[in-house]
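> can't give you the sequence, but here's the structure:
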C-alpha cells in the first residue's frame, strides 16, 4: 500500500513538468501532427542563420543534446536551464571543425564526423582528431556515423560526383574503425550518399540517395540493411537492380537490394530505432526523416516516417507518417508501397503543398531522448520536439 501511495503521489509532479501544448511559447501549428498523440514544439530557433544551421543531433544519457552546425564548423550543446524537461540553453562546445555532419555519443564522449576527419569530444572538453584522412573532398559530404555492438565506429563517405564512382574506391562507402580511429576496414561499397547510419542488435542500417541526371533512368532513394562486404550498385545499378544508363557495366544482379525504396529526392537523412516509453505504439519501429528536395513540382519527402521493421525487405512494407499529418484535409489513405516506384505518400505531399507541413523547410537531423521524445533539426534554424500532449 505504501508503494502504491508513493507511485500515485508522483503523478501530479510529473504532470506539472508537462504543461499543455498550446500554452507553450514554442508550440507550432503548422506543421500538423496527430493531435491524439503529439505536440510539436520548437526548443530553439537561430534567426537569420539560413536554411541549414543544424543537421545531426545526438543525446547523452543525462539529457544533454548535441547539434552539428556543418556550415559554421561547430558543435553546440543544449541543456535544460529552466527545469521544464526540454533542452533550451545552447553553448558552443567545439569549433574549427571540417563540416561536422554526423554525431554519436558513447561512453562519456561525443564522436563527430565531417570531411576527412573523425573527432572525439570528451565530456571534459578535450577534442581529439582520431582520423584525418577519410576519403573526402569535392562531391557529396561525409555521411552518417554509428557505433556497433562490436564497439567499433562506422562512418559513411559520399561519392565524388552525382553519378560516377570516381577514382577513389573509398568514396561512396562505409568504413569500420576502432574507437581510437585505427584498424580501418571497408564494410560496404557502391553507395552514393550513406547520409544516416544506425547500428542496433547486430544490424547496421544505412540510407542512400539516387543520382538525378536526366540522361539516366530515374533511380530511387533507399534504406539498406548492410551486409559486410556488400556491393550496393552505385553508380552502375538503380535500386531495382537494373542498369542506370546505357553505358553501365557490371552484374547488377550481384548487388545487394535495398529493404525500402523511396521516390528520387526524398533524401533520407535521419534514422533512429524507437524504444521509448512516451509513445508505446511506436516501440520497435524505425524512424526515418526525409529532407526532401525543393526543385520538384510535388514536394516529395519533407516528412517523418515510422517503419515496421519486420516488413522491411518485403513487397508489403508497413509505414506510418508522423509528420505531416492532418486527416481533416486529406482522405487519410496514408503511404502506399510499391517496390518499382517506392513509398508514395500522396497525403503528406498534399499537406506540405497546402502549407501545413514543414515544407519549404527540410528535416535534417533526428534523435530520441531517454523518455522517447523525438527531436528534429528543421530548416530555417529550428530544433523541434515531438512530445506527449
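Nice, thanks for sending it over. Everything quoted here is computed from the prediction, not taken from an experiment. Residues are numbered from 1 along each chain as shown.
> tell me the secondary structure of residue 199, please.
strand (DSSP: H, G, I helix; E, B strand; the rest coil).
> count of residues packed around it?
23 (other Cβ atoms under 10 Å). Any C-beta I mention is one placed from the backbone N, CA and C, and that applies to glycine too.
> could you pull out the helices for the stretch 1-150 of the chain?
2-9, 11-16 (DSSP state H, counting those that start in this stretch).
> show me the shaky parts of the stretch 151-300 of the chain.
Applying pLDDT under 70 to the stretch 151-300 of the chain flags residues 165-167, 213-218, 239-240, 245-250.
> how about the strands in it?
152-157, 173-178, 185-189, 197-200, 203-208, 221-225, 230-231, 260-262, 268-273, 286-290 (DSSP state E, counting those that start in this stretch).
> single out the most deeply packed of the ones you listed.
strand 260-262 (a mean of 27; mean count of other Cβ atoms under 10 Å).
> quickly note the distance from residue 364 to residue 19.
Using Cβ to Cβ, to the nearest Å, residue 364 is found at 28 Å from residue 19.
> make sure residue 387 is indeed in a helix.
No. Counting by three-state DSSP, residue 387 is not part of a helix but strand.
> bridged to it, which residues?
Taking DSSP bridges as the rule, residue 387 bridges to residue 39.
> ok, it to residue 303 distance?
18 Å.
> ok, these two, which is more surrounded?
Comparing residue 387 with residue 303 by other Cβ under 10 Å, the one with more neighbours is residue 303, at 30 against 24.
> without its sequence neighbours, what residue ends up closest to that one?
Nearest non-adjacent residue to residue 303, counting by Cβ to Cβ, 6 or more residues apart in numbering: residue 348, 4.7 Å away.
> helix, strand, or coil at that neighbour?
At residue 348 the chain is in helix, as set by three-state DSSP.
> list the contacts of it.
302, 303, 321, 324, 335, 357 (Cβ atoms under 8 Å, 6 or more residues apart in numbering).
> the fourth one - nearest residue in space that isn't next to it in sequence?
In this case it means residue 324. residue 357 (3.3 Å).
> ok, back up a step: higher neighbour count, residue 364 and residue 19?
Set side by side, residue 364 and residue 19 show more neighbours around residue 364, with 27 against 13, by other Cβ under 10 Å.
> could you check how far that one is from residue 134?
Distance of residue 364 to residue 134, computed by Cβ to Cβ: 21 Å.
> and the contacts of residue 348, which is closest to residue 284?
Among the contacts of residue 348, residue 321 lies closest to residue 284 (Cβ to Cβ), at 17.6 Å.
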